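J.: Following is a predicted model, sequence given first.
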Amino acid sequence: MERREVTIRDLSVAEREEIFVTIAQTLEGNAREALVEGDKQFAQLSNNMAEAIRINVEELSRNDPDTAERVLQQAAAIISKFKAGHPHQMPSTAIH
């Protein structure tokens with residue numbers, strides 16, 4: 001069975017928007033964890049990237065797919081770097 005790689009170009013605008021929102025949420029979560037651990041520089045980097053994605057989500061989803069792909073690659077690199085240093089997620093202490 002052949003495995004087909006899906007790229008940002010293959011997705012609909014709505015799917016692209018959903019991916020960007022999810023990535024922004026992940027970056028914000030990573031930023032909170034980094035801040036709790038005292039890594040202010042990483043927290044700021046993650047928050048800045050998340051904010052840039054949120055502000056530009058429509059443009060990224062609708063316009064130039066090359067730019068969208070670069071942004072996704074950069075965000076994925078930041079997320080991967082965080083996960084490499086934090087293989088276990090912090091348990092949630094939220095009360096529902």
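T.: Everything's here; your move.

J.: any chance you could map the strands in this protein?
T.: Here the chain has no strands by DSSP state E.

J.: Point to the residue nearest the middle of it.
T.: residue 23 (2.6 Å; CA atoms, centre = their mean).

J.: Would you mind measuring from that residue to residue 38?
T.: To residue 38, residue 23 is 24 Å away according to CB to CB, to the nearest Å. (Each C-beta comes from the backbone N, C-alpha and C, glycine too.)

J.: Break down the chain into its helices, ranges please.
T.: For the chain, the helices defined by DSSP state H cover 13-36, 40-55, 57-62, 65-85.

J.: the inter-axis angle of the worst-scoring helix or strand of the chain on mean pLDDT versus helix 13-36?
T.: When the helices and strands of the chain are scored by mean pLDDT, DSSP states H and E, helix 65-85 comes last with a mean of 88. On the basis of axes from the mean of the first three to the mean of the last three CA atoms, to 10 degrees, helix 65-85 is oriented at 30 degrees to helix 13-36.

J.: circling back: pretty sure the residue nearest to the centre of the chain sits against residue 75.
T.: Yes. Using CB atoms under 8 Å, residue 23 is in contact with residue 75, at 4.9 Å.

J.: where do the contact lists of these two overlap?
T.: Common contacts of residue 23 and residue 75, defined by CB atoms under 8 Å, 6 or more residues apart in numbering, comprise residue 53.
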